[in-house]
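> Quick one: sequence plus predicted model below, questions after.
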Amino acid sequence: MDCDPRDPQWGAPGKLRAAAEHWVADRFGGRDELDDDLKIMGLSDQVKRNTDAPFIVWLENAPIVKAFLALESCWGWGQMMDGTERMTLYPERIKSTLELLSIKRRDWETVFDGLKVMELAALKKLHTTS
């Protein structure tokens with residue numbers, strides 16, 4: 001089955017997750033899997049990476065990434081249904097952030113869904129870099 005990666009039904013595979021992982025690596029450091037793989041294969045001295053290259057965000061993902069970055073200080077511990085606690089974005093701060101960023105109300109659901117994708121990717125990356 002052929003699909004256009006920019007088709008909203010299919011979405012861009014992993015672009016929001018990659019943005020969240022990039023944010024975690026930038027803020028909290030951690031290991032770079034590609035560098036680790038290159039070392040294992042003995043290629044680290046042959047492949048030079050441009051670590052100063054900007055991270056590119058697709059235009060359709062810009063409001064989601066902008067909201068995620070604006071919510072950077074809105075992380076906390078939340079109670080899950082099973083009684084455990086985990087880090088999460090405070091949901092009550094998301095609405096006010098979307099309003100402050102002048103994101104259209106009709107786009108809120110899409111932005112919220114994207115934020116959840118980014119939140120989970122960031123948490124996964126945080127837990128693997130510790």
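Alright, I've got the coordinates.

> how near is the residue nearest to residue 77 when sequence neighbours are not counted to residue 73?
Leaving aside its sequence neighbours, residue 77 sits nearest to residue 85 (CB to CB, 6 or more residues apart in numbering; 4.9 Å). To be clear about C-beta, it is placed using only N, CA and C from the backbone, and glycine gets the same treatment. Residue 85 is 19 Å from residue 73, where distance means CB to CB, to the nearest Å.

> So which residues make contact with the longest helix seen in the chain?
Assignment by DSSP state H gives helix 108-129 as the longest helix of the chain. With contact meaning CB atoms under 8 Å, 6 or more residues apart in numbering, helix 108-129 is reached by 16-21, 23-25, 28-31, 61, 63-65, 67-68, 71, 86-89, 94-95, 98, 103.

> Now the element after the least confident helix or strand in the chain by mean pLDDT, going C-ward?
Counting by mean pLDDT, DSSP states H and E, the chain has its least confident helix or strand at helix 33-40, which shows a mean of 68. Toward the C-terminus, helix 33-40 is succeeded by helix 62-70 as the next helix or strand (DSSP states H and E).
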